[in-house]
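the following comprises the amino acid sequence and a computationally predicted model.
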Amino acid sequence: MINADRIIASLIIISSLYFMWHAISLPIGWNGIEGGPGGGAFPFWLSIVMLVCASIIFWRSSSGTKFQKFSFDTTMIKPILLVAVSLLCTVGLISFIGAYIAIFLFLFWYLRVIGRHSVGLSVTIPVLTPILMFFFFEVTLKIMLPKGVSEPLFLPLYAKFF
Amino acid sequence: MDLLTLLSDGFATSLSPFNLMIVILGVTAGLFIGAMPGLGSVNGVAIVLPLTFVVPPASAIILLAAIYYGAMYGGAISSILLGIPGASTAVATTFDGRPMAQKGQAALALIAAAFASFVGGTIAVILFTLFAIPLADVALAFGPAEEFALVLLAFTTFVGLGGDDILKTIIMICLGLVLSTVGLDLISGQPRLIFGDLPGFYSGISFLVLAIGVYGVGEVLYTIETSKSNPTVSNAKITFKDLYTGIKTISSYTKTMSIGSFLGFFVGMLPAAGATPASLMAYGLAKQTSKKPETFGDGNIEGVIAPETANNAASTGSLLPMLTLGIPGSPTTALLLGGMVMWGLMPGPMLFIDQPDFVWGLISSLYTANVAAVLINIALIPLFVWALRMPFSVLCAIVLVLCIVGGFAPNQKMHDVWLIVLFGYTGYLLRKADYPLAPLVLALVLGPLMEKSFRQTLIAEQGNILAFIERPLSATFIFLSLLFFIWPLVGLLRSSKREHPHFSSKRPDFLKQNS
């Protein structure tokens, strides 16, 4: 079985190196004239601490079984992946078809397909949520949510409420 | 007396009809959030925070504090009725609360939990009122050196007292601090860590984005994994007779309530401790001092009273360092602190001088929130029983939608929403691998203060690093930090000779979500 502890430690090591690579574009040493460290020092040296700790975790998990634990309920991998991918697709869709339609589709998909709820509930919640969102964000807070290609559909509403 | 004048002025603010309505709204929302398994005060505050722009800052903080308070009360409801803690802070309440419900005493257990929470909360608010001014006065003497040393102390308490794997805790603190440096350098103004010149990173990573990701999206994924089937909900009906008998029974346990309140308040003040360890410690202490310790775990009412007084007292306790020193005592208060900064208010001693109306309005609202919470809690019990029957999938779907729109609203950038999803998935995996998330959020909130105070001190002292130990207060904090850092190392050395369970990476699951 692949040791998940080691995978996470490796990812942290890679992230630390990536942070360090970006941090060195600013001075990371001691600034003799002003006093104190340069702008890149804080992220650079903290990334080194992360790197060292993650390396020890990596070494520790390879050397013994004491610290190896990452229990995962395998029967739940499918629903978790399904939710994770649905969420990614929804966020991706927001820029194209707008938040209201994307969220309607997400809720309908989640409740009907993932949650296996009745058609009544699977339609009521997805319809009511965007309506409430519109009145809370756009009408009350004057915060425009992204609408993408669905923008023209909202023009009559803008005329009525603004 | 000066204190009473300030407090009465505060009541003038908090008892205004609008703020009173805000308290009632917040407490009710908090009770529901706390009662829902998987969602605690930190999740509630993270999800609701971006929606608070609709009200002025003073009312917004009162609303969030009321949610925080309500969630502490609400956590006990699902502990008793479902046997699943509504929040990690209510874990200890399940030990005896659930057996009481199974024996048909659900109503008594719920009344005990509500009134114990009320007593714990009230004692803690009184202690808060007494300690706030002296602590703020001490903090007035703080310069950048002391600020840096204090933040360092807050982080080392996680290493020394957090109870998680030390290396993983250090990684999480460093990761939070590194993420806090994204954006423009505080001193030189140059961009740093903008990852390939992505414009979204120029303004830095908001604590809110991380919190919504980790405590919203991450939490939903965790809840999906851990809740395969819907558990059975015990029924509870409360009559006035039950209420009278309940209060009469509870009032004979003054010792248990006092232990819980004082212990909870002081443990709550420590950044690494908070309400969960406080309630577990109070449970343990109540068992030790009880006349019938053998009945603990089988439905002893003291086993409900002790943790419930302690977790409410701890939630108030953790507000004290946040408000007076600008150092949060828990992830939830870290979010409150971040929220205050977002609204242009800087928590710390100067807040007591510059914004007394705000500070005392908030403190006095804690008194009203306590009264409101106990009344609403008892009155709405039938509604909670109904709400707990709501399928998890409906709750999860709504929380995810709130995360998306709540993450977008403050800055109106899709960049933030993408980051929320990224942090959500990463947070879920890190939590699965036993990486503590509380230090990560706290580090992101305190990171800018830590770096700024460190560099300011060194610039003022021409690079003299000894400046941190030349000032007595700063030297004391540094010394304590070293102590907290060395303490687990001593433990590790001892455990290598003799296997010691405390320092292993094992930690009960319910302690992972420190709040």
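Nice, I can see it. Numbering: from 1, shown residues only, chains lettered A, B, ... in the order given.

what's the longest helix in chain B?
Longest helix in chain B, counting residues (DSSP state H): helix B:106-140.

just the CA atoms of the next helix or strand after that helix, as CSV, please.
Downstream of helix B:106-140, the first helix or strand assigned by DSSP states H and E is helix B:144-161. Taking Å, rounded to 0.1, in the frame of the first residue of the first chain, the C-alpha atoms of helix B:144-161 are listed here in CSV:
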residue,chain,number,x,y,z
PRO,B,144,7.0,45.9,18.1
ALA,B,145,9.4,43.6,20.0
GLU,B,146,6.7,42.6,22.5
GLU,B,147,4.2,42.1,19.7
PHE,B,148,6.6,39.8,17.9
ALA,B,149,7.5,37.9,21.1
LEU,B,150,3.8,37.4,21.9
VAL,B,151,2.9,36.1,18.5
LEU,B,152,5.9,33.7,18.7
LEU,B,153,4.5,32.6,22.1
ALA,B,154,1.1,32.0,20.6
PHE,B,155,2.6,29.7,18.0
THR,B,156,4.9,27.8,20.4
THR,B,157,1.9,27.0,22.6
PHE,B,158,0.7,24.9,19.7
VAL,B,159,4.0,23.1,19.6
GLY,B,160,4.1,22.7,23.4
LEU,B,161,0.5,22.2,24.3
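
which is the next helix or strand following helix B:144-161?
Criterion used, DSSP H and E; the element after helix B:144-161 is helix B:166-180.

ok, the longest helix anywhere in chain A near chain B or not?
Scanning chain A for the longest helix, with DSSP H as the assignment, gives helix A:41-63. Yes - Helix A:41-63 is in contact with chain B by C-beta under 8 Å from any C-beta of the partner chain, via A:42-43, A:46-47, A:49-50, A:53-54, A:56-57, A:60. Any C-beta I mention is one placed from the backbone N, CA and C, and that applies to glycine too.

by proximity to chain A, which residue of the stretch 151-300 of chain B wins?
B:Asp185 (3.7 Å; C-beta to the nearest C-beta).

that residue touches A:Pro27, doesn't it?
No - contact between B:Asp185 and A:Pro27 fails when scored by C-beta atoms under 8 Å: they sit 9.9 Å apart.

and the residues of helix A:41-63 next to chain B, which of them are buried?
By neighbour count, with 16 or more other C-beta atoms under 10 Å in any protein chain shown, the residues of helix A:41-63 next to chain B hold A:42-43, A:46-47, A:49-50, A:53-54, A:57, A:60 as buried.

from the residues you listed, which single one is nearest B:Ala467?
Among those, A:Phe42 lies closest to B:Ala467 (C-beta to C-beta), at 17.4 Å.

let me see the confidence value for the closest one.
pLDDT recorded at A:Phe42 is 90.

poorly predicted segments of the chain, please.
Because you didn't say which chain, this covers chain A. A:1-2, A:32-34, A:64-73 (pLDDT under 70).

not quite, go with chain B.
In the predicted model, chain B carries pLDDT under 70 at residues B:1, B:228-232, B:272-273, B:492, B:495-515.
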